[in-house]
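Asker: with the input below, show me the fold.
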Amino acid sequence: MPWFLYLLECADGSVYTGIAIDVAARFAQHADGTGARYTRSRRPVQVLAQFELADRASASRAEYWVKRLTPREKRALAAGARTLESVLPPVPVEVPASDEPEAEAPA
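Answerer: Below you'll find the model as predicted:
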């Protein structure tokens, strides 16, 4: 089941970052005051962007990195000036094991 990273613009101009399965339902919770503590005092105005991720673990990792961005960087991400991949650390590439036997070192 896919999860989504979403960015909300709040009434005070700040940008809130969160994750959810259903962004519209989560936005409604934020708007009626039953969402995160942050959005209770800074009512959300609109969803700036949402990004689909494979699972909750991927969404949580992305949220961790996006929350470290400045509001300006988050807005650039929402506007498409940056990609989500550009914000995340590079994924290590695994080298497949070779079928050839390793050469023995000379004694």
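
Asker: so which residues of the chain form helices?
Answerer: Secondary structure of the chain (DSSP state H): helices at 23-31, 37-41, 56-66, 71-79, 84-87.

Asker: tell me the mean pLDDT over stretch 42-50?
Answerer: Throughout stretch 42-50, pLDDT has a mean value of 96.

Asker: isn't residue 74 up against residue 14?
Answerer: No: Residue 74 is not in contact with residue 14 according to Cβ atoms under 8 Å; the separation is 9.3 Å. In this view, the C-beta of every residue, glycine as well, is placed from N, C-alpha and C.

Asker: neighbour count for these two, which is higher?
Answerer: More crowded of residue 74 and residue 14, by other Cβ atoms under 10 Å: residue 74, with 23 against 14.

Asker: between the helices of the chain, which gets nearest to residue 5?
Answerer: The minimum distance between residue 5 and the helices of the chain falls on helix 56-66, with 4.8 Å, by Cβ to Cβ.

Asker: contacts for the closest one, please.
Answerer: Contacts to helix 56-66, defined as Cβ atoms under 8 Å, 6 or more residues apart in numbering, come from residues 3-5, 7, 17-19, 51, 53, 74, 77, 84, 87-89.

Asker: sort out for me which of the residues you listed are in strands.
Answerer: For the contacts of helix 56-66, the ones inside strands are 3, 4, 5, 7, 17, 18, 19, 51, 53, with DSSP state E as the criterion.
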